[in-house]
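**Student:** what's the 3D shape of this:
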Amino acid sequence: MTLPGRVPPRFVPTLTEVVQIAAPPADSPPRLPENPPPDPVAAPDTTVSGGGAPNEIDIHRIMQRVDLSLEARLRAAVLRVVSEQVEAMGPQLRDEIELAVRDAVSQAVAEELAVSRTNNPAT
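**Tutor:** Take a look at the predicted model:
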């Protein structure tokens, strides 16, 4: 894949030698990885490999931890704000619901009276 406007190099080195890795002796116990993958909910690790600038793997691990932590914090913050807003809207909602119910009942009574007057005009 080449980027637009970027010229590929004229000479690209190729692998010409196959390197064989020696198999470990059969009687030795299996080796565990030196750096096991971190637990995603563990406390954040402030060090990066090598002590220098973070590499791609370090950045990916950090982003996973930030993602988990940030999602939980955002959920809690949004829940708190929505709860406060619903509580503050309670009296206003009650008034609006009462008005809507009164209007609906008044309209229904008026329509029923109009129907009964048309059905019994002599009363």
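**Student:** C-alpha from now on. contacts and neighbour counts both.
**Tutor:** Fine.
**Student:** identify the residues contacting Ala72.
**Tutor:** By Cα atoms under 8 Å, 6 or more residues apart in numbering, no residues touch Ala72.
**Student:** okay, and it sits in which element?
**Tutor:** Using DSSP states H and E, Ala72 maps to helix 56-119.
**Student:** for stretch 110-118, what is the average pLDDT?
**Tutor:** Stretch 110-118 shows a mean pLDDT of 92.
**Student:** stretch 87-96 now?
**Tutor:** On average, stretch 87-96 scores 92.
**Student:** list the buried ones in it?
**Tutor:** For stretch 87-96, the buried set under the neighbour-count rule, 16 or more other Cα atoms under 10 Å, is empty.
**Student:** from here on, count from 771
**Tutor:** Yes, from this point I'll number from 771; that puts the last item at stretch 857-866.
**Student:** extract the CA atoms of it and return them as PDB.
**Tutor:** The C-alpha atoms that make up stretch 857-866 are tabulated as PDB, following Å, rounded to 0.1, in the frame of the first residue of the first chain:
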ATOM      1  CA  GLU A 857     -36.000  15.300  40.400                       C
ATOM      2  CA  ALA A 858     -36.000  19.000  39.400                       C
ATOM      3  CA  MET A 859     -38.600  18.500  36.700                       C
ATOM      4  CA  GLY A 860     -40.900  16.600  39.000                       C
ATOM      5  CA  PRO A 861     -43.200  19.500  40.100                       C
ATOM      6  CA  GLN A 862     -43.300  20.900  36.500                       C
ATOM      7  CA  LEU A 863     -44.200  17.400  35.100                       C
ATOM      8  CA  ARG A 864     -46.900  17.000  37.700                       C
ATOM      9  CA  ASP A 865     -48.500  20.400  36.800                       C
ATOM     10  CA  GLU A 866     -48.300  19.600  33.100                       C
END
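**Student:** output the below-cut-off pLDDT ranges for this protein.
**Tutor:** 771-774, 778, 782-785, 788-789, 793-823, 892-893 (pLDDT under 70).
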